[in-house]
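Colleague: build me a structure from this.
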Amino acid sequence: MKKILISVLFLLIIITTMSVSAQSIIEIELPELKRSSEELILKQLSFKNGDIYSANEIELSQRRLLNSDLFNPFTLKVNSEKTAKENYQIFINAEESGIFMIHPWEFTIRKTVGLLGESFEQKIRNPAGNGLSYLFDFDWSDDSHNQYGLEYIGEKGRVYTLKFRNFDRDLEFNNTSYQSEGAFYQVNLETLPSLKINNIYSLKFQENDYIINNDIQKQKYLIPAYTFNYENHFKFEIELSRAFSLNDNYDDFNSLKFNYNKRYNLTESSIIITDLKGGALSKDTPFNYQFTAGSFSKNDGGIPIRGQDYEFAGTKYIKNTIEYQKELWRRDLWGVIFIDSAKIAESNEELGDIDWENDAGIGLIYYSFLGPIRADIAYDNLDSEAEFNIGFGSSF
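Modeller: Below you'll find the model as predicted:
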């Protein structure tokens with residue numbers, strides 16, 4: 001009986017070993033690299049030669065490479081091919097991104113940047129091929145700033161960022177003007193631990209003068225924050241932060257924001273997108289750290305209520321968008337109808353005590369080789385002055 005058990009165990013070990021061997025990755029072929037090192041690319045992958053083949057790991061590796069900005073996203077593809085011996089070869093097909101632009105004619109991708117704005121942002125991507133990039137950001141609006149930074153691509157898709165910004169703000173919300181002049185330092189770590197999850201950890205130190213009602217005060221805060229992103233059949237994001245006051249003028253305050261987005265495919269040529277946003281701050285949050293809302297303010301860190309002026313501020317908000325998109329006479333041209341409904345409450349108000357702001361608008365989306373270019377026009381009501389925006393990507 002003992003000999004039979006040993007024989008069965010030995011047979012199971014052989015079968016398991018053969019099974020593992022039959023599904024192994026035996027070769028990883030990289031594209032021709034003119035600038036980046038092979039080591040930099042290989043350390044982004046979630047697999048190596050000899051590992052068990054997994055389709056999910058292939059997809060995760062492609063997402064990490066896309067997020068790294070090392071390759072032109074329009075050409076990036078990670079493919080697998082089974083060999084005659086039931087092993088796998090992995091082929092990474094792509095062109096390296098340009099130092100100044102991912103695509104030769106590209107201004108920006110993957111986020112909306114207003115073409116009519118008053119800012120300039122540039123990333124010098126990986127010039128030495130070691131994963132280190134340089135960041136520059138300039139704004140000459142009433143919320144002006146100069147920002148400089150470094151970005152480093154680590155292992156397994158980790159992205160480390162260091163930023164310095166000096167700013168000079170002269171803004172008005174809720175019919176209240178304020179000025180703020182100062183600077184901050186911020187460090188970020190972005191991780192992609194799985195195909196569906198993205199984490200961002202950050203720590204900011206900010207020091208500035210704050211002038212409101214002719215009263216000049218000093219502000220100094222240390223602000224840790226965490227952002228969790230989940231994407232599957234829907235997108236969900238939640239951001240948590242706490243600002244620790246480093247002087248006696250102000251108390252600490254907390255912040256919470258969330259965003260839920262889901263797309264419904266009605267037909268091959270029509271979709272509906274629903275988007276729900278919300279947030280809450282501590283009651284004693286200083287006015288210059290409160291949420292702001294109105295117009296197409298996504299790029300300015302505001303809550304876009306597209307038919308309103310950019311003039312609202314508060315410590316809590318809720319906003320819902322319903323958008324219908326329909327293909328027109330060309331596959332690359334779509335029409336848009338949207339409705340925004342929102343509330344933003346000041347610190348002495350509750351959301352239930354104020355009315356909804358209901359806006360509507362129409363737009364056009366052109367799917368160019370640079371990405372979607374979008375033009376929108378929105379109204380608070382039919383006799384109000386229209387709000388107009390043109391840019392890349394989503395406007396909500």
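
Colleague: now the closest residue to residue 27 other than its chain neighbours: phi and psi?
Modeller: Spatial nearest neighbour of residue 27, excluding adjacent residues (C-beta to C-beta, 6 or more residues apart in numbering): residue 89 at 4.5 Å. Yep, even glycine has a C-beta here, placed from its N, CA and C like the rest. Torsion angles at residue 89 (phi, psi; degrees, to the nearest 10) stand at phi -110, psi 140.

Colleague: count the residues that sit near residue 89.
Modeller: 15 (other C-beta atoms under 10 Å).

Colleague: any stretches of the stretch 151-300 of the chain with poor pLDDT?
Modeller: 298-300 (pLDDT under 70).

Colleague: so where do the helices sit in the stretch 251-396 of the chain?
Modeller: For the stretch 251-396 of the chain, applying DSSP state H, counting those that start in this stretch gives no helices.

Colleague: quick check: bridge partners of residue 172?
Modeller: Beta-bridge partners recorded for residue 172 (DSSP bridges): residue 177.

Colleague: do you know how far it is from residue 287?
Modeller: Going from residue 172 to residue 287 by C-beta to C-beta, to the nearest Å gives 11 Å.

Colleague: next: residue 134.
Modeller: According to C-beta to C-beta, residue 134 stands 34 Å off from residue 287.

Colleague: ok, the two, which is more surrounded?
Modeller: Between residue 134 and residue 287, counted using other C-beta under 10 Å, residue 287 has the larger neighbour count: 19 against 15.

Colleague: tell me who's in contact with that one.
Modeller: The neighbourhood of residue 287, defined by C-beta atoms under 8 Å, 6 or more residues apart in numbering, consists of 173, 176, 178, 212, 313.

Colleague: picking that back up, who touches both of residue 172 and residue 287?
Modeller: residue 178.

Colleague: buried ones in whichever helix or strand residue 160 is part of?
Modeller: Remark: residue 160 resides in strand 159-173, with elements defined by DSSP states H and E. Within strand 159-173, the residues scored as buried using 16 or more other C-beta atoms under 10 Å are 159, 161, 163, 165, 167-169, 171, 173.

Colleague: how far does that strand sit from the chain's center?
Modeller: Its chain's average C-alpha position is 17 Å from that of strand 159-173, according to C-alpha atoms, centre = their mean, to the nearest Å.

Colleague: can you dump the C-alpha atoms of that strand in CSV for me?
Modeller: Provided in CSV are the C-alpha atoms of strand 159-173 (Å, rounded to 0.1, in the frame of the first residue of the first chain):
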residue,chain,number,x,y,z
VAL,A,159,5.3,56.3,-10.7
TYR,A,160,7.1,58.6,-8.3
THR,A,161,6.5,62.4,-8.7
LEU,A,162,8.0,65.4,-6.9
LYS,A,163,6.5,68.9,-7.6
PHE,A,164,7.1,72.4,-6.5
ARG,A,165,4.6,75.2,-7.3
ASN,A,166,4.6,78.9,-6.4
PHE,A,167,1.2,80.5,-7.0
ASP,A,168,-0.6,83.9,-6.8
ARG,A,169,-4.4,83.8,-6.7
ASP,A,170,-6.9,86.6,-7.0
LEU,A,171,-10.3,84.9,-7.1
GLU,A,172,-13.9,85.5,-6.3
PHE,A,173,-16.5,83.0,-5.3
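
Colleague: now for that strand, which elements pack on it?
Modeller: With contacts taken as 3 or more C-beta pairs under 8 Å, 6 or more residues apart in numbering; DSSP states H and E, strand 159-173 sits against strand 132-139, strand 143-153, strand 176-191.

Colleague: I'd like those strands as JSON lines, with distance to residue 249 appended.
Modeller: Converted to JSON lines, the helices and strands packed on strand 159-173 look like this (distance: least, C-beta to C-beta, whole Å):
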{"stretch": "strand 132-139", "distance to residue 249": "27"}
{"stretch": "strand 143-153", "distance to residue 249": "23"}
{"stretch": "strand 176-191", "distance to residue 249": "14"}
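
Colleague: from what I can see residue 158 touches residue 190, true?
Modeller: Yes: here residue 158 lies in contact with residue 190, judged by C-beta atoms under 8 Å, at a distance of 6.9 Å.

Colleague: what sits against residue 178?
Modeller: Neighbours of residue 178 in contact, by C-beta under 8 Å, 6+ apart: 169, 171-172, 210-212, 287-288.

Colleague: show me the domain layout of this protein.
Modeller: Annotated domains of the chain cover 2-93, 251-396 [automatic domain parsing].

Colleague: among the ones you listed, which gets the worst mean confidence?
Modeller: Mean pLDDT across those is lowest at domain 2-93; the value there is a mean of 79.

Colleague: re earlier: got the buried residues of strand 159-173 as a markdown table, with distance to residue 126 columns?
Modeller: As requested, the buried residues of strand 159-173 are exported to a markdown table (distance: C-beta to C-beta, whole Å):
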| residue | distance to residue 126 |
| --- | --- |
| 159 | 12 |
| 161 | 14 |
| 163 | 18 |
| 165 | 22 |
| 167 | 28 |
| 168 | 32 |
| 169 | 33 |
| 171 | 36 |
| 173 | 39 |
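
Colleague: which one of the residues you listed is nearest residue 82?
Modeller: residue 159 (32.5 Å; C-beta to C-beta).

Colleague: what's the closest of the contacts of residue 178 to residue 343?
Modeller: Distance to residue 343 across the contacts of residue 178 (C-beta to C-beta) is lowest for residue 287, with 18.5 Å.

Colleague: separation between that closest one and residue 213?
Modeller: Between residue 287 and residue 213 the computed distance is 10 Å (C-beta to C-beta).

Colleague: so where do the strands sit in the stretch 151-300 of the chain?
Modeller: 159-173, 176-191, 197-212, 215-231, 235-245, 253-267, 270-281, 291-293 (DSSP state E, counting those that start in this stretch).

Colleague: related to what we said a few turns ago, and of the domains of the chain, who's closest to residue 118?
Modeller: Across those, closest to residue 118 is domain 251-396 (C-beta to C-beta), at 10.1 Å.

Colleague: from the chain's centre, how far out does the closest one sit?
Modeller: Taking C-alpha atoms, centre = their mean, one finds domain 251-396 lying 16 Å from the centre of the chain it belongs to.

Colleague: what's the answer for stretch 202-220, then?
Modeller: Relative to its chain's centre, stretch 202-220 lies at 27 Å (C-alpha atoms, centre = their mean).
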